[in-house]
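[1] give me a model of this one.
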Amino acid sequence: MNTDASLTSDDTRLHNLRRLMFELTNRLADTSHQGAADAVSAFFQLSAQLNTALEKTSNHLEPVLREYDPVLANRLEDGSLRLSALLTKLNPRFQRLAELTGASFDAERYSLYLDWNLLMAECLVQLDFQVRLAALVPQPNNQPDTSNPSGHYPGLFSRCRDRVREYCACH
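    Prediction:
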């Protein structure tokens, strides 16, 4: 279990993703064409980073959880798939934004601003969910755990299920 109070590289990466999401929101709020061009560039960079983070979750955290709580792993997977689909839906809209002018530009920029904020809200909840789950997962170390040769952590994950259910009940 990660009990170290210092930030890990994953914590730093996720913190950076959150910062970039808020920066993109600010760029979309800029009504100029330069602001839109900056937002388009920022979206594609951020989209790639978010997809990488979602893939990492899918490949590393989800399989560990699936063995202990398939429902919890499914919730994690569903959230990741939804975010990936939403990012994919926004992709062509961001591509077209720089080509628009006048009232079409203003309407689409504002629509993207609202849609991005919805995606960002879901993403922040999903990232929070991932971080809370990852904190409960035993971290690999260089020394074998002889006290638990099977590698199973039933008590840890039962507490995890209870915490997550309490957390989900708040939303």
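[2] gap between the helix or strand encompassing N16 and the chain center?
    For N16, the host element (DSSP states H and E) is helix 9-29. For helix 9-29, the gap between its own C-alpha mean and the chain's C-alpha mean amounts to 11 Å (C-alpha atoms, centre = their mean, to the nearest Å).
[3] helix or strand right after that helix?
    Taking DSSP H and E as the definition, the helix or strand that follows helix 9-29 towards the C-terminus is helix 33-56.
[4] tell me which residues of that next one are tucked away?
    Neighbour-count burial for helix 33-56 flags 36, 38-40, 42-43, 46-47, 50, 53-54 (criterion: 16 or more other C-beta atoms under 10 Å). Any C-beta I mention is one placed from the backbone N, CA and C, and that applies to glycine too.
[5] can you add distance to H15 and give these back as CSV?
    Converted to CSV, the buried residues of helix 33-56 look like this (distance: C-beta to C-beta, whole Å):
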residue, distance to H15
A36, 26
D38, 21
A39, 21
V40, 24
A42, 17
F43, 19
L46, 14
S47, 18
L50, 14
A53, 12
L54, 16
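[6] which neighbouring elements make contact with the helix ranked longest in the chain?
    Ranked by residue count, the top helix of the chain under DSSP state H comes out as helix 102-136. The contact analysis (3 or more C-beta pairs under 8 Å, 6 or more residues apart in numbering; DSSP states H and E) places helix 102-136 against helix 9-29, helix 33-56, helix 70-97, helix 154-169.
[7] change it to 10 Å
    Taking 3 or more C-beta pairs under 10 Å, 6 or more residues apart in numbering; DSSP states H and E as the contact definition, the neighbouring helices and strands of helix 102-136 are helix 9-29, helix 33-56, helix 62-68, helix 70-97, helix 154-169.
[8] what about R66, distance to L86?
    Applying C-beta to C-beta, to the nearest Å, one obtains 23 Å for the distance of R66 from L86.
[9] neighbour count winner among the two?
    L86 (18 against 15; other C-beta atoms under 10 Å).
[10] pLDDT below threshold where in the protein?
    Applying pLDDT under 70 to the chain picks out residues 1-8, 137-171.
[11] tell me the centre residue of it?
    L127 (4.0 Å; C-alpha atoms, centre = their mean).
[12] please tell me how far the closest residue to that residue other than its chain neighbours sits from V125.
    Sequence neighbours aside, L14 is the residue nearest to L127 in space, at 5.6 Å (criterion: C-beta to C-beta, 6 or more residues apart in numbering). In this structure, L14 and V125 are 13 Å apart, going by C-beta to C-beta.
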